[in-house]
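S.K.: from the sequence below, what's the structure:
(one chain, ligands or ions: 1)
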Amino acid sequence: MTDLSLTDLAAGTVVKPGDPEWDAARSFHSGIGEPTVVVRASSVDDVRAAVRYASSERLDVMVRGGGHSAWGAVPGGVTLDLDALDSVSVDGTLVHVGGGATWGAVAAILAEHGLGVSSGDTASVGVGGLTLGGGIGWMVRAWGLAADQLVGAQLVTARGEVIEVNDESHADLLWALRGGGGNFGVVTRFDFRAHALSSVVFATLGVAGDARPVLRALRDTMKDAPRELTVTYMDVPEMDPSAPGGAAITACWIGDDEDAARAALAPLLALDGVTETDLGVRSYPDILMDMPAADPDQPMPGFVGGNTLLADLTDEAVDRLASFREANQASVLFLRSLGGAYGDVPQDDTAFPARSATWFAMAGAFDIPGLVHDDNRPLIQAEWDAIEALGEALYGNFTVSTDPAMVSRMYAPETIARLAAVKRQWDPQNLFCRNHNVVPA
Ligand SMILES: Cc1cc2nc3c(=O)[nH]c(=O)nc-3n(C[C@H](O)[C@H](O)[C@H](O)COP(=O)(O)OP(=O)(O)OC[C@H]3O[C@@H](n4cnc5c(N)ncnc54)[C@H](O)[C@@H]3O)c2cc1C
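M.R.: Next up, the predicted model:
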């Protein structure tokens, strides 16, 4: 391997403060960062050069896949932008995806081959961050997490070497990449095992009235539901006249059997206050959401609240979640059914926590002056903490907090110890620390 340095890279690859492209290069989905330098890699060699440069200059590396996390806001360091590494190629059911690809592009190409991979729900989210942190989406009960379909990767290590990771080669790293985040190197290629997918049945059910009986019925229905079915429950406030608030159940059935989907949803449609607003066969790329990037002049407000992976959606959890939403006018409540294939994966097979979870729950009050006051913020946080105490673990991908303490809420102590040992072997200098950081053991 040649010894590359930043000066060998093609014009436009390295962007510094004052360059015409600077503002565009340092923007990410939810804001604009203040890195020392941005390297826009278009090859594995560019990635190697950036990593070696960062290592020699003792600069942190922020790997930007889809740019949807909060790490882009941490000042200083090298932002390593993988946007141009977006290739997708299909070899039977094995799919090779560049480290900077986004899920919308992957889903569109796989659809042409009658294939699908479990992903997240939003088209612009990166394959990189979502997969390395786990990846919960519409196929989670049918096929598991995005990380569960990861069978191999090409990785640029902290030493700037290129290695192949799979079951036979560096199996410890494959375990860590499945849920342990971006701690271990730069993934320049993800290898996924895809599934046959023609289309999906997608349904939206409007919900009115008290959330409690609906959430209890949702829990009971999902206990015995076929794993083709995954549901979410979301209750959002009206933010402006163009974005009306309200509660809804959204359901996705893997396959095109409308009758089977409707039968699985029948107990919900029989409930008072639940109405079918939409149900039909759609393509998978078509159901992925578009979420425009934030306007840098109007940053997103923070949240007071959190998320948790729940072994069971108990009556107490239902009551606390509904009460949280009711008590906070400008708050969001989101739940997603798990179980099925997600729970089939033995706990120790991947770094992802809480395989016993049957629900994911997230609630947060928008931290907007006038709505959340300094004196009631601790109260709201305490309400959330009581909910989190009912859960098994925090899902790191769904927190915007960059507090290092998050890691101990994400993983069991034995998982942190195992991750820290892998980290020590592959990144003892902790070059890759712009993530839910596992400190080298
Ligand atoms: C609008 C929106 C919708 C979302 N929907 C879902 C959802 O449906 N399901 C879900 O599970 N999550 C969802 N998330 C959370 C999402 O999974 C995380 O924000 C994730 O970190 C985003 O990945 P990214 O590549 O876009 O982000 P980035 O900010 O680019 O990266 C996030 C982290 O991953 C690391 N990383 C990224 N790519 C690589 C790579 N190739 N090699 C090494 N490290 C890498 C980065 O260093 C960083 O630590 C959503 C987030 C947003 C903002």
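
S.K.: which parts of stretch 85-105 are buried?
M.R.: 85-86, 88, 95-105 (16 or more other C-beta atoms under 10 Å). Any C-beta I mention is one placed from the backbone N, CA and C, and that applies to glycine too.

S.K.: closest to Val51 among these?
M.R.: Gly99 (12.6 Å; C-beta to C-beta).

S.K.: would you confirm that the closest one contacts Phe190?
M.R.: Yes - contact criterion C-beta atoms under 8 Å: Gly99 and Phe190 qualify, at 6.8 Å.

S.K.: how close does the closest residue to Ile368 other than its chain neighbours get to Leu205?
M.R.: Nearest non-adjacent residue to Ile368, counting by C-beta to C-beta, 6 or more residues apart in numbering: Pro301, 4.9 Å away. Counting by C-beta to C-beta, to the nearest Å, the gap from Pro301 to Leu205 is 29 Å.

S.K.: more neighbours: which of these two?
M.R.: Applying other C-beta atoms under 10 Å to Pro301 and Leu205 shows that Leu205 carries more neighbours, namely 24 against 15.

S.K.: among the helices and strands of this protein, which has the poorest mean pLDDT?
M.R.: strand 31-32 (a mean of 88; mean pLDDT, DSSP states H and E).

S.K.: what lines up beside that one in the sheet?
M.R.: strand 27-28 (antiparallel) (DSSP bridges).

S.K.: what's in contact with the partner strand?
M.R.: The contact list for strand 27-28 (C-beta atoms under 8 Å, 6 or more residues apart in numbering) reads 33, 64, 67-68, 72-73, 293, 296.

S.K.: tell me the mean pLDDT for it?
M.R.: Averaging pLDDT along strand 27-28 yields 92.

S.K.: Gly182 belongs to a strand?
M.R.: No - counting by DSSP: H, G, I helix; E, B strand; the rest coil, one finds Gly182 to be coil, located in no strand.

S.K.: follow-up on the earlier one: who touches the least confident helix or strand of the chain?
M.R.: By C-beta under 8 Å, 6+ apart, strand 31-32 touches 23, 26, 72-73, 294, 296, 299.

S.K.: of those residues, which is the most crowded?
M.R.: Gly72 (22 neighbours).

S.K.: helix, strand or coil for Met222?
M.R.: Under three-state DSSP, Met222 comes out as helix.

S.K.: for it, give me its contacts.
M.R.: 229, 231, 337, 339, 358.

S.K.: which bits of the stretch 201-350 of the chain sit near the ligand?
M.R.: Met291 (C-beta under 6 Å from any ligand atom).

S.K.: pLDDT value on the residue in the stretch 201-350 of the chain that the ligand sits nearest to, please?
M.R.: Among all residues of the stretch 201-350 of the chain, Met291 sits closest to the ligand, at 4.0 Å; criterion: C-beta to the nearest ligand atom. With respect to pLDDT, Met291 has a value of 83.

S.K.: ok so it is a helix residue?
M.R.: No - judged by three-state DSSP, Met291 forms no part of a helix; its state is coil.

S.K.: from what I can see it touches Gly104, true?
M.R.: No - if you go by C-beta under 8 Å, Met291 and Gly104 don't touch, sitting 10.4 Å apart.

S.K.: give me the common contacts of those two.
M.R.: 122-124.

S.K.: in CSV: those residues, plus neighbour count.
M.R.: As requested, these are exported to CSV (neighbours: other C-beta atoms under 10 Å):
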residue, neighbour count
Thr122, 18
Ala123, 21
Ser124, 19
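
S.K.: of the residues you listed, which are in range of the ligand?
M.R.: Near the ligand, by the rule C-beta under 6 Å from any ligand atom, you find Thr122 out of the shared contacts of Met291 and Gly104.

S.K.: before we move on, back to that, would you turn the contacts of strand 27-28 into a markdown table with secondary structure?
M.R.: Shown next, in a markdown table, are those (three-state DSSP):
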| residue | secondary structure |
| --- | --- |
| Gly33 | coil |
| Arg64 | strand |
| Gly67 | coil |
| His68 | coil |
| Gly72 | helix |
| Ala73 | helix |
| Ala293 | coil |
| Pro296 | coil |
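
S.K.: where does the stretch 51-200 of the chain come near the ligand, residue by residue?
M.R.: So far as C-beta under 6 Å from any ligand atom goes, the stretch 51-200 of the chain lies against the ligand at 62-69, 71-72, 82, 99, 120-122, 125-126, 128-130, 132-133, 135-137, 181-182, 186-187.

S.K.: which SS class is the spatially most central residue of the chain?
M.R.: Note on the chain: the residue nearest the mean C-alpha position is Leu130, at 3.8 Å, using C-alpha atoms, centre = their mean. Per three-state DSSP, the secondary structure class of Leu130 is helix.

S.K.: does it touch Ala101 like I think?
M.R.: No - Leu130 is beyond contact range of Ala101, at 10.7 Å (criterion: C-beta under 8 Å).

S.K.: tell me where the stretch 51-200 of the chain has helices.
M.R.: 103-112, 127-133, 140-143, 171-177 (DSSP state H, counting those that start in this stretch).

S.K.: hang on, the earlier thing: between the contacts of strand 27-28, which sits nearest Ala251?
M.R.: Looking across those and measuring by C-beta to C-beta, the closest to Ala251 is His68, at 24.4 Å.

S.K.: what backbone torsions are found at the residue nearest to the closest one when sequence neighbours are not counted?
M.R.: Closest residue in space to His68, ignoring its immediate chain neighbours: His29 at 4.6 Å, by C-beta to C-beta, 6+ apart. With angles defined as degrees, to the nearest 10, His29 sits at phi -60, psi -40.

S.K.: one step back: closest to the ligand out of the contacts of strand 27-28?
M.R.: His68 (3.4 Å).

S.K.: can you report how many residues neighbour that closest one?
M.R.: Neighbours of His68 (other C-beta under 10 Å): 24.
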